[in-house]
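Visitor: this one's structure only:
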């Protein structure tokens, strides 16, 4: 009877040890994944900041080009109001030669 009781106690101890080790491994994996996620989060924030900087610089470049194009359009419209006969030549060239 004593040997059966010893075997049961030994099995219970082994189960407790296995469960304890499993819990330790599980906790290690959880905190390791959390650390990796935190690193990824910090890295993605830096990437988002750099993308915002690039977007802002492209917006500034595009704004200058839009202003320049607007000035050319105003100049062209004013020129064609003064010289309506040139507008027909311009329109023909624009419609047929630039396609």
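Guide: Structure's in. What do you need? It should be emphasised that the depicted structure is a prediction, and the values quoted were computed from it without experimental measurement. Numbers count the residues shown, from 1 in each chain.
Visitor: give me the low-pLDDT residue ranges for the protein?
Guide: Along the chain, the model assigns pLDDT under 70 to residues 1-6, 38-49, 98-99.
Visitor: where exactly do the helices run in it?
Guide: 2-82, 84-92 (DSSP state H).
Visitor: can I get the ones you listed in a markdown table with mean neighbour count?
Guide: Any C-beta I mention is one placed from the backbone N, CA and C, and that applies to glycine too. Shown next, in a markdown table, are the helices of the chain (neighbours: other Cβ atoms under 10 Å):
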| stretch | mean neighbour count |
| --- | --- |
| helix 2-82 | 10 |
| helix 84-92 | 11 |
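Visitor: and the spatially closest residue to residue 87 that is not a sequence neighbour, what does it touch?
Guide: Nearest non-adjacent residue to residue 87, counting by Cβ to Cβ, 6 or more residues apart in numbering: residue 80, 4.1 Å away. By Cβ atoms under 8 Å, 6 or more residues apart in numbering, the contact set of residue 80 is 86-87, 90.
Visitor: including distance to residue 58, could those residues go into TSV?
Guide: Below are those laid out as TSV (distance: Cβ to Cβ, whole Å):
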residue	distance to residue 58
86	36
87	35
90	32
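Visitor: which among these gets closest to residue 67?
Guide: Nearest to residue 67 out of those is residue 90 (Cβ to Cβ; 22.5 Å).
Visitor: which residues touch the closest one?
Guide: Contacts of residue 90 by Cβ under 8 Å, 6+ apart are residue 80.
Visitor: and residue 87, how far is that from residue 81?
Guide: Distance, residue 87 to residue 81, by Cβ to Cβ, to the nearest Å: 9 Å.
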